[in-house]
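Asks: structure, please.
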Amino acid sequence: MKKFYSLVLTAMIAVGAFAQTTINGVVTDDSGEALVGVNVIIKNTYNGTITNADGSYSITSKEETPTLVFSYVGYKTNEAKAENSSLDMKLQTVAVLTDEVIVSAIKAGNKAPIAYTNITKAELQERPAADDIPYMLSLTPSAVATSETGIGVGYTALRIRGTDPTRINVTVNGIPLNDPESQGVFWVNMPDFTSSVDEVQLQRGVGTSTNGAAAFGASINFQTTSINDQASARVESTVGSFNTFVNSVNASTGLLNDKFAFDVRYSKLNSDGYIDYAFSDHQSLYVSGSMLTKNGLLKANIIHGDQRTGISWWGVPQEKLFKPEWEGDDWKPERTYNPAGEYTDEFGETQYYEGQTDNYKQTHYQLFYSHAVNKQLNVNGAVHYTKGEGYYEQYKEDEEFVEYGFDPIMIGDETINETDLIRQKWLDNDFYGFTASANYNGGNVSSSFGIGWNRYEGDHFGEIIWSRYAGTSEKGYQWYDNVGEKSDYNAFAKLNYRPSTSFNTFIDLQLRQIKYTMSGTDDDLAPLVQSHNFSFFNPKLGVSYDIDKKQQAYLSVGVSNREPTRTNFKDAKGDAANYPKAEQLIDFEAGYNYRSSNLSASVNFFYMLYNDQLVPTGEKNNVGADIMTNVEDSYRSGVELVWGARLTKGFNWDGNLSLSANKINNYTEYADLYGADWSYIGQKETYLGTSDIAYSPNVIGSSILSYAFNSNFKLSVISKYVGEQFFDNTSSQDRMMDAYFVNNVKVDINLFPQFAKRIGLQLMVNNVFDVEYENNAYGGNYYQRDADGIDTEYTWAYYYPQAGTHFMTKLVMEF
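Replies: Okay, the predicted model is just below:
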């Protein structure tokens, strides 16, 4: 590995001798706030860039003293000659409102005393188009992305500080995206969504108040395409390993008559995946229209996703990856094995059911209106509606009739109690609501007020579309049907007070009320009738201090409360004594930021104290179902280091490192216990004391080493390290994923011909050292007691292997 990096550095230095003039700078508004996404181009050329999350930019020119043009909707276009390698720019406001006001009530400002990361459109566009959103965000601090298909396409997920996806609040333009029942986000339903995103803000910890699900460890807000003053078009095509193809077309009218703007994008994604039968067949559409007036902004969005994906969520059983004791020398691992859809035909041959798929369509409708009362005050309102409908289809062997409400059938003198069948589990849901906010900026006092109401109605039902022995049932027979209904109301108030130019105080108060009901019959034919109500108060307090123009320190504490999910309640099976309780998180954050022209660095300390955190224990309730149990005392504590450095002209190093401890205090394990003849005895209870929280690596790190030889050529080495992690809460080495260190190499080539703004070619080599690793797993344990009363522990586990060395090539044409 050292030889590889030495070779890369040598190549960089050798070619760097031909590097051209590089200009760096920061763009701010007339109040000194950094502007993100400002267009910066060299005059009379198509050579350009946009400002990053901190307002900074870097551009390379063939001229020694080029003239730079700075443009941004809502601000006066300005230009200046770069007499040296540094050129800062301040833009003056000409329009009162921009798209930024839509999300300003829930977004953290640059004085916010919390840990957050802003990711710009330019940074997203540098990532491979085939990557799902979790992989786009995987290089942010404390983030770990997982993939069921093995290549970051299809079913993917993101954990932040070990926090699972159901505890991460996600909004799009301030509209909740989390599924209200599971509280998770299914990124597979939004293919290539980032092609229509202008900026992402990821807040770690409790963060600031937002709409929708609880921010129980992190929150992510997406701001979609903003109004551009110039018309543009973008055509993008990606080809890669495992028959991966992504094609998209994006067009924008720019601002027409200083009033109207329209954007449209269509994307198509196909991939076979690394894992067998883990294919993806996805398409998406984004349409947006805006009307800008002197004091108002009206905007409408339609976001549509349509996916058909091969089921691979079971993972690969451990005996297919790691040699069992009973196997001989001819045993070989089967890293791409997929048990989903596997069955035995009437001739005893193993077959695979090709219809073993997940199928879902989802369309989001969003309408926004913002009005500037004056330069200090603006008000915003939004209404939204999301329609989702789909099913997953399975071939099931030897299913008992009684489990589907069938009577046994007679064939001659033989009673048939079991059958092979194909079933579909459907979800037909509607999600709608409104949000409203007001933002005031009065100099040393700024405040935001917001309210939101959302309603979810989900119909869950199952149909049998084929059965080997049908009896009296008909095709399309429904064996269960239940409805989940959830209403969520929230209101928040935020106040920033600056008693001096250096000192800022922050207070944020939120009230959430939830009502959730379930009615009908569950898929095991048991009645599903429950009703739950919650009221939460979530306060946050913080201070920040500007030591000087380059340094800032901050301190904050925040509280978040979270209701259990649909699955948590279902697992209790109507046993009210075992209904899970709401969880509470008290989050302490303290940090320091440093920023200069060549270096930005930050350190953030966190201590996240949980009360009644829900964790799986293996314990059974009185009807024999697994339940989640609230553990009284658990915590996460750690430090996050983030840096970005210009080592030499054109040579940058961006990275982060997270070190943490994630513990449950006074943990007791419950596991099934069997006798010598494998007859069930009951639960074995073992007190473990302090144990590690599952899926929480103690070490997570990311690095991007990049060298821009000139405006046409850039080479990057992208590295990700994730330490070992357990996949249950027992801290057992038998149920632990090994650490992994994966490196990718990326080459970006840009041309600026007369007929186009830019032609870009990206070459990506993923997992360049062909590391064999798994980034996700699940499993558990059980015991067998022999005749002498000695208990032997056994582990069962399923893993998600990732692809070895593979390639992606992306071609972009911008007009």
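Asks: output stretch 599-612 as CSV - backbone C-alpha positions only.
Replies: Only the C-alpha atoms of stretch 599-612 are listed here, as CSV (Å, rounded to 0.1, in the frame of the first residue of the first chain):
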residue,chain,number,x,y,z
LEU,A,599,-6.6,24.7,6.1
SER,A,600,-10.0,24.0,7.7
ALA,A,601,-10.1,21.7,10.7
SER,A,602,-12.6,20.9,13.4
VAL,A,603,-12.9,18.7,16.5
ASN,A,604,-16.2,17.7,18.0
PHE,A,605,-16.8,15.8,21.2
PHE,A,606,-20.1,14.1,21.9
TYR,A,607,-21.8,12.3,24.7
MET,A,608,-25.2,10.7,23.8
LEU,A,609,-27.0,9.4,26.9
TYR,A,610,-30.0,7.1,26.2
ASN,A,611,-32.9,6.4,28.5
ASP,A,612,-35.0,3.3,27.6
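Asks: buried residues, it. List them.
Replies: Under the neighbour-count criterion of 16 or more other C-beta atoms under 10 Å, stretch 599-612 has 600, 602-604, 606-612 buried. (Glycine included, C-beta is placed from N, CA and C.)
Asks: other residues contacting that stretch?
Replies: 54, 115, 141, 161, 204-205, 217, 581-595, 630-646 (C-beta atoms under 8 Å, 6 or more residues apart in numbering).
Asks: now do the contacts for the closest residue to residue 771 other than its chain neighbours.
Replies: Of all residues not flanking residue 771 in the chain, residue 742 sits nearest, at 5.6 Å (C-beta to C-beta, 6 or more residues apart in numbering). By C-beta under 8 Å, 6+ apart, the contact list for residue 742 reads 719-720, 766-767, 769, 771, 773, 802.
Asks: and residue 537, how far from residue 584?
Replies: Distance from residue 537 to residue 584, counting by C-beta to C-beta, to the nearest Å: 11 Å.
Asks: between these two, who's got more neighbours?
Replies: residue 584 (18 against 10; other C-beta atoms under 10 Å).
Asks: over to the more buried one. Which of the three states is it?
Replies: Following DSSP: H, G, I helix; E, B strand; the rest coil, the label given to residue 584 is strand.
Asks: sort out which residues of stretch 730-739 are buried, please.
Replies: For stretch 730-739, by 16+ other C-beta under 10 Å, it's 730-732, 735-737.
Asks: could you do stretch 522-530 as well?
Replies: 522-523, 528, 530.
Asks: which residue of this structure lies farthest from its centroid?
Replies: Distance from the centre of the chain peaks at residue 413, with 56.6 Å (C-alpha atoms, centre = their mean).
Asks: got the phi and psi for that one?
Replies: phi -100, psi 0 (degrees, to the nearest 10).
Asks: any idea how far it lies from residue 566?
Replies: In this view, residue 413 and residue 566 are 45 Å apart by C-beta to C-beta.
Asks: where does the stretch 601-750 of the chain dip in pLDDT?
Replies: 616-627 (pLDDT under 70).
Asks: please state the offset of stretch 334-348 from the chain centre?
Replies: Chain-centre distance of stretch 334-348: 31 Å, with C-alpha atoms, centre = their mean, to the nearest Å.
Asks: stretch 628-642 too?
Replies: The answer for stretch 628-642 is 20 Å, by C-alpha atoms, centre = their mean.
Asks: same check, this time on stretch 244-261
Replies: 25 Å.
Asks: can you give me the buried ones in that stretch?
Replies: Using 16+ other C-beta under 10 Å as the test for burial, stretch 244-261 gives 244, 246-248, 250, 252-253, 255, 261.
Asks: ok, stretch 488-500 next?
Replies: Within stretch 488-500, the residues that qualify as buried are 488-494, 496, 498, counting by 16+ other C-beta under 10 Å.
Asks: other residues contacting it?
Replies: Here stretch 488-500 has contacts from 105, 109, 111, 176, 180, 208-209, 211-213, 433, 443-456, 504-514, using C-beta under 8 Å, 6+ apart.
Asks: tell me the mean pLDDT for it?
Replies: The average of the pLDDT scores along stretch 488-500 is 94.
Asks: over to stretch 169-176?
Replies: Mean pLDDT, computed over stretch 169-176, is 95.
Asks: can you check stretch 365-385 too?
Replies: Average pLDDT, stretch 365-385: 93.
Asks: then stretch 65-74 to CSV, C-alphas only?
Replies: Extracted C-alpha coordinates of stretch 65-74, given in CSV (Å, rounded to 0.1, in the frame of the first residue of the first chain):
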residue,chain,number,x,y,z
THR,A,65,-4.5,37.2,-14.6
PRO,A,66,-8.0,35.9,-15.7
THR,A,67,-11.2,37.8,-15.1
LEU,A,68,-13.7,35.8,-13.0
VAL,A,69,-17.4,36.2,-13.2
PHE,A,70,-19.5,35.5,-10.1
SER,A,71,-23.3,34.9,-10.5
TYR,A,72,-26.0,33.7,-8.2
VAL,A,73,-29.8,34.0,-8.3
GLY,A,74,-31.0,36.8,-6.1
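Asks: can you map out the helices along the stretch 501-650 of the chain?
Replies: With DSSP state H, counting those that start in this stretch as the definition, the stretch 501-650 of the chain shows helices at residue ranges 566-571.
Asks: what's the domain layout of the protein?
Replies: As assigned by automatic domain parsing, the chain contains the domains 21-94, 233-814.
Asks: list the buried residues in stretch 31-51.
Replies: With burial defined by 16+ other C-beta under 10 Å, the residues of stretch 31-51 counted as buried are 34-42, 45-51.
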